[in-house]
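Colleague: starting from these lines, generate the structure:
(chains A and B)
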Amino acid sequence: GEDVEQSLFLSVREGDSSVINCTYTDSSSTYLYWYKQEPGAGLQLLTYIFSNMDMKQDQRLTVLLNKKDKHLSLRIADTQTGDSAIYFCAEKRGRDYKLSFGAGTTVTVRA
Amino acid sequence: DTGVSQDPRHKITKRGQNVTFRCDPISEHNRLYWYRQTLGQGPEFLTYFQNEAQLEKSRLLSDRFSAERPKGSFSTLEIQRTEQGDSAMYLCASSFPGGRALSSYNEQFFGPGTRLTVL
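Modeller: Numbers count the residues shown, from 1 in each chain, chains lettered A, B, ... in the order given. This next block holds a predicted model:
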């Protein structure tokens, strides 16, 4: 099983904000990532945060990192129907090159 | 170059048969990764190459699995004597080292995957 945990489903009304949460277990994680997967497509990197940062904002996306609680969140402002997808949290641990992923959160945007 | 490509996109095989998948990374990327994704789960790391050297293998990679990257460019993943439990999406990713910018060092670019169904 994964060491990275995410809630499995999120339903949000179009125009509202979405918040997807993730917890990880390895305090040596250097980078934490959010990937998006749409049906039939590969994983697309949305954003990332370096472990010495608390927050990162990129247009409609805001990433918050709480290292003490090993908690990561992704907020999507003004959620659109095109944001419907599976969102994966991933961590890069220490000097590893591989990524460790959560099980993914399925976001459904309703009109 | 439009990104990481994988071939085939879909493969259906009978239990006990051998299958081989191919991954072509982004041309200047010297690191290549294989992951497996089963339904409802996130990708799980299988193995990783730097140039032609296979530097790490997961315990998920049983002796029926073998991966190669003979010239440090494309890679193949072979599964021998397939089992129904091998049914999954096999994802390939590549990255390029160096620098502090994410796009040049840490970002892994994923291909569309090969979906394997073992009957």
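Colleague: which single residue in chain A comes nearest to chain B?
Modeller: Closest contact between chain A and chain B, by C-beta to the nearest C-beta, is at A:F101 (3.2 Å). The C-beta positions use only the backbone N, C-alpha and C, and glycine is treated the same way.
Colleague: so for that residue, what's the pLDDT?
Modeller: What the model reports for A:F101 is a pLDDT of 94.
Colleague: then the one 10 residues further on?
Modeller: pLDDT, the model's per-residue confidence, is 89 for A:A111.
Colleague: so who does the nearest residue to B:I79 once chain neighbours are set aside touch?
Modeller: Spatial nearest neighbour of B:I79, chain neighbours left out: B:V19 (5.2 Å); criterion: C-beta to C-beta, 6 or more residues apart in numbering or on different chains. Shown in contact with B:V19 (C-beta atoms under 8 Å, 6 or more residues apart in numbering or on different chains): B:K11, B:T13, B:E78, B:I79, B:T82, B:L116.
Colleague: what is the end-to-end distance of stretch A:54-71?
Modeller: 11 Å (C-alpha to C-alpha, to the nearest Å).
Colleague: and if you look at stretch B:110-119?
Modeller: Counting by C-alpha to C-alpha, the terminal residues of stretch B:110-119 are separated by 27 Å.
Colleague: may I see the buried residues of that stretch?
Modeller: B:F110, B:G111, B:P112, B:G113, B:T114, B:R115, B:L116, B:V118 (16 or more other C-beta atoms under 10 Å in any protein chain shown).
Colleague: surely A:V109 and A:G15 touch.
Modeller: No - with contact defined as C-beta atoms under 8 Å, A:V109 does not count as touching A:G15 (9.2 Å).
Colleague: okay, and the common contacts of these two?
Modeller: Jointly contacting A:V109 and A:G15 under the rule C-beta under 8 Å, 6+ apart are A:T79.
Colleague: returning to that earlier point: quick one: the residue nearest to B:I79 from chain A, how far?
Modeller: Distance, B:V19 to chain A, using C-beta to the nearest C-beta, to the nearest Å: 20 Å.
Colleague: neighbour count winner among A:V109 and A:G15?
Modeller: A:V109 (20 against 11; other C-beta atoms under 10 Å in any protein chain shown).
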